[in-house]
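S.K.: I'll drop the sequence and a predicted model, then ask my questions.
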Amino acid sequence: MFALTAVALLVVMAFALLRAFLGPTLYDRILAVNNFGTKTVLLLAIIDFLPGRPDFLDIAITYALINFISIIGVLRFFEYAGRKPAEKEG
């Protein structure tokens, strides 16, 4: 059952990568990359439970935190990228 779930996650990850490459807008691509990161965390958790040893769970949690922080950083970058710097008065 876990192997079938892992295969299904790999298929969904392939669709997310396809959306990331073909997305019509920037935000579609960012959402697809975030989806891919989330599915990667789930895949690591499934791989963790296949042999019955919780070795990859710490890696999955760390990857989830890195994924969250990087997506927030990318969104902040593109939020402020279009703005002009404030002119100094004087």
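M.R.: All right, it came through fine.
S.K.: what are the buried residues along the strand or helix carrying Ala3?
M.R.: Using DSSP states H and E, Ala3 maps to helix 2-22. Neighbour counts over helix 2-22 (16 or more other C-beta atoms under 10 Å) mark 9, 12-13, 16, 19-20 as buried. From N, CA and C alone the C-beta is placed, and that goes for glycine too.
S.K.: looking at that helix now, give me its mean pLDDT.
M.R.: Taken as a whole, helix 2-22 has an average pLDDT of 93.
S.K.: from the contact counts, what lies against that helix?
M.R.: Other elements packing on helix 2-22 under the criterion 3 or more C-beta pairs under 8 Å, 6 or more residues apart in numbering; DSSP states H and E are helix 26-49.
S.K.: okay, the helix it packs on in PDB with CA atoms only?
M.R.: Provided in PDB are the C-alpha atoms of helix 26-49 (Å, rounded to 0.1, in the frame of the first residue of the first chain):
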ATOM      1  CA  LEU A  26       4.600  33.600 -12.300                       C
ATOM      2  CA  TYR A  27       2.300  32.800  -9.500                       C
ATOM      3  CA  ASP A  28       1.200  29.600 -11.100                       C
ATOM      4  CA  ARG A  29       4.800  28.500 -11.300                       C
ATOM      5  CA  ILE A  30       5.500  29.500  -7.700                       C
ATOM      6  CA  LEU A  31       2.400  27.500  -6.600                       C
ATOM      7  CA  ALA A  32       3.500  24.500  -8.600                       C
ATOM      8  CA  VAL A  33       7.000  24.600  -7.000                       C
ATOM      9  CA  ASN A  34       5.400  24.900  -3.500                       C
ATOM     10  CA  ASN A  35       3.200  21.900  -4.400                       C
ATOM     11  CA  PHE A  36       6.200  20.000  -5.500                       C
ATOM     12  CA  GLY A  37       8.000  20.700  -2.300                       C
ATOM     13  CA  THR A  38       5.000  19.600  -0.200                       C
ATOM     14  CA  LYS A  39       4.700  16.300  -2.200                       C
ATOM     15  CA  THR A  40       8.400  15.800  -1.700                       C
ATOM     16  CA  VAL A  41       7.900  16.000   2.100                       C
ATOM     17  CA  LEU A  42       5.100  13.500   1.800                       C
ATOM     18  CA  LEU A  43       7.300  11.200  -0.300                       C
ATOM     19  CA  LEU A  44      10.100  11.300   2.200                       C
ATOM     20  CA  ALA A  45       7.600  10.400   4.900                       C
ATOM     21  CA  ILE A  46       6.300   7.500   2.900                       C
ATOM     22  CA  ILE A  47       9.900   6.300   2.200                       C
ATOM     23  CA  ASP A  48      10.500   6.600   5.900                       C
ATOM     24  CA  PHE A  49       7.700   4.200   6.700                       C
END
